[in-house]
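*Asks:* okay, sequence plus prediction incoming.
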Amino acid sequence: MSFRLLSYAGRPFEQCSLKSSGNIVVPMRCIHTSRNQFLPSSSSGRWSNAARANVGRGTADGPNGKRFASGATTAEMPAKSNLALRMALGMTLLSVTTYSLGVLYPPNLYTLIYPREAPPSPDKGSVQALKDAAELERQLWELPLVQDLARRSHPLNSDTVPANFLGPKALSTSTSTATSSSGSSSSSSEEASGGGGSEEELTHYMARPYLNLPESFSRHSLTAGLLQGPGRMAIPPLLFVRTDEKAITGVMHLGRSICGHDGIVHGGAIATLFDDAFFRTAVANFPARIGVTAWLKIDYRAPTRADQFVVFKTKVDKVEGRKVFVSGQMEDVEGNLLVQASALFVQPKYAHLIKSEEREKHFLNRPAAIARTLEPVGENADMQ
């Protein structure tokens, strides 16, 4: 009977120390793969004739009593090779799956450091720009916050807002119905009990700034001109102004072309938007409807990612003569705080010299129903 050894422990046959006797090849210093034991070498002892005979039967006893099964290694090697192959295939499949999920749903930290490459913004007025604006407008009116506030707000002024920015017809119809029912229920309750109000009182009115401005004004304006358009603010913000004009909730979309770090909106752009939002909140409290920024404080709490809707919430804290103190914050649509800010606005003593009806109309874009109910601040009010 002949016996041939192909390999031991992944080593080729030539690397094993062998002793040959006749037609029997015996490994002398190779590791037994199933028991991790050493077979004796010529220096540790010699094989007996009985041991050499046992090799032919498939087993061998060395001088130290260790047994070697000649058929064990050759039978186990294919099984171990299959196991290694399965493990390699499993790791490959896991790697491909993890990579695919990372591409489709990238983790926040990774995209913060390595943002996805974005295509260039389309030209203003192009077909693609109009298509993108229409899609953003649809997404805007589908936001739960917008739908909730719209149900409690007077509708947009159709005389000053283009039809494509008035929102869904169903929503406009419902708000108009709520406005009329509010007035009728108020009058009927006053007749019945001498007072009272409607069951669902409208607490805000809606406005869309930066629309219908003369070219001579918008082309030199940062917020009404340069920041408007594809990749920046592709659609005008939607403002929900409290009926007493002491607070505003604004929803706007910030594009990819106003970034500092790629994918993160520039902090200077955020400060500019806060300055504009604060002025809109404070302007109704000035007799001349004009004021200037005395100071503006910004606390950036988290990176503001580009290409998303954000929510501005601003309010008047107090009014002291010609000074109006305002504060507010910016959140994402899920309510996560991004920025906090506060500011002081002052009406200059020369305000009557730069008063503009066009500017006042732009910043106080009130519906007719609201304009009739608000009492304007008198020119002779105590604003010293």
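*Replies:* In hand now; what should we look at? Residues are numbered from 1 along each chain as shown.

*Asks:* what's around Glu201, how many residues?
*Replies:* A count of nearby residues for Glu201, using other C-beta atoms under 10 Å, gives 12. Bear in mind the C-beta positions are built from the backbone N, C-alpha and C, glycine included.

*Asks:* is it part of a helix or strand, or is it coil?
*Replies:* What DSSP: H, G, I helix; E, B strand; the rest coil gives for Glu201 is coil.

*Asks:* one more: the one 5 residues further on?
*Replies:* Reducing the assignment to helix, strand or coil with three-state DSSP, the entry for Met206 is strand.

*Asks:* any idea how far it lies from Thr243?
*Replies:* Met206 is 11 Å from Thr243, where distance means C-beta to C-beta, to the nearest Å.

*Asks:* which one's more surrounded, these two?
*Replies:* Between Met206 and Thr243, Met206 has the larger neighbour count (other C-beta under 10 Å), namely 23 against 18.

*Asks:* surely that one touches Leu239?
*Replies:* Yes. Using C-beta atoms under 8 Å, Met206 makes contact with Leu239 at a distance of 6.7 Å.

*Asks:* for the stretch 251-384 of the chain, which spans come out with low pLDDT?
*Replies:* For the stretch 251-384 of the chain, the stretches with pLDDT under 70 are 355-384.

*Asks:* please enumerate the strands of it.
*Replies:* With strands called from DSSP state E, counting those that start in this stretch, the stretch 251-384 of the chain shows them at 292-300, 308-320, 323-332, 337-346.

*Asks:* quick one: the longest one to strand 337-346, angle?
*Replies:* For the pair strand 308-320 and strand 337-346, the angle between their directions (axes from the mean of the first three to the mean of the last three C-alpha atoms, to 10 degrees) equals 30 degrees.

*Asks:* ditto for the third one
*Replies:* Taking the same axes, to 10 degrees, one finds that strand 323-332 is oriented at 160 degrees with respect to strand 337-346.

*Asks:* and strand 323-332, what other elements does it pack with?
*Replies:* Applying 3 or more C-beta pairs under 8 Å, 6 or more residues apart in numbering; DSSP states H and E, we find strand 323-332 packed against helix 267-282, strand 308-320, strand 337-346.

*Asks:* deepest of these, which one?
*Replies:* Of all the helices and strands packed on strand 323-332, helix 267-282 has the most neighbours on average by mean count of other C-beta atoms under 10 Å, namely a mean of 21.

*Asks:* ok, residues contacting that helix?
*Replies:* When contacts are defined by C-beta atoms under 8 Å, 6 or more residues apart in numbering, helix 267-282 is touched by residues 209, 222-223, 227, 239, 246-248, 250, 252, 254, 258, 260, 291, 293, 296, 298, 300, 304, 312, 314-316, 324, 326, 328, 330, 339, 341, 343, 345, 363.

*Asks:* and that helix, C-alpha only, in CSV?
*Replies:* Only the C-alpha atoms of helix 267-282 are listed here, as CSV (Å, rounded to 0.1, in the frame of the first residue of the first chain):
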residue,chain,number,x,y,z
GLY,A,267,-23.7,81.8,8.4
GLY,A,268,-23.7,85.2,6.8
ALA,A,269,-26.7,84.3,4.7
ILE,A,270,-28.5,83.1,7.8
ALA,A,271,-27.7,86.4,9.6
THR,A,272,-29.0,88.4,6.6
LEU,A,273,-32.3,86.4,6.6
PHE,A,274,-32.7,87.0,10.3
ASP,A,275,-32.1,90.7,9.8
ASP,A,276,-34.8,90.8,7.2
ALA,A,277,-37.3,88.7,9.2
PHE,A,278,-36.7,90.8,12.3
PHE,A,279,-37.3,94.0,10.4
ARG,A,280,-40.6,92.7,9.1
THR,A,281,-41.6,91.8,12.6
ALA,A,282,-40.7,95.2,14.0
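
*Asks:* which residues do Met206 and Thr243 both contact?
*Replies:* His154.

*Asks:* before we move on, back to that, among the strands of the stretch 251-384 of the chain, which is nearest Gly125?
*Replies:* strand 308-320 (23.0 Å; C-beta to C-beta).

*Asks:* by contact count, what packs against the closest one?
*Replies:* Short answer (3+ C-beta pairs under 8 Å, 6+ apart): strand 308-320 packs on strand 247-254, helix 267-282, strand 323-332.

*Asks:* let me know the angle separating that strand from strand 247-254.
*Replies:* Using the same axes, to 10 degrees: strand 308-320 against strand 247-254 is 150 degrees.

*Asks:* if we can go back for a sec, just the buried ones from the contacts of helix 267-282?
*Replies:* Neighbour counting by 16 or more other C-beta atoms under 10 Å classes 209, 223, 227, 239, 246-248, 250, 252, 254, 258, 291, 296, 298, 304, 312, 314-316, 324, 326, 328, 330, 339, 341, 343, 345, 363 among the contacts of helix 267-282 as buried.
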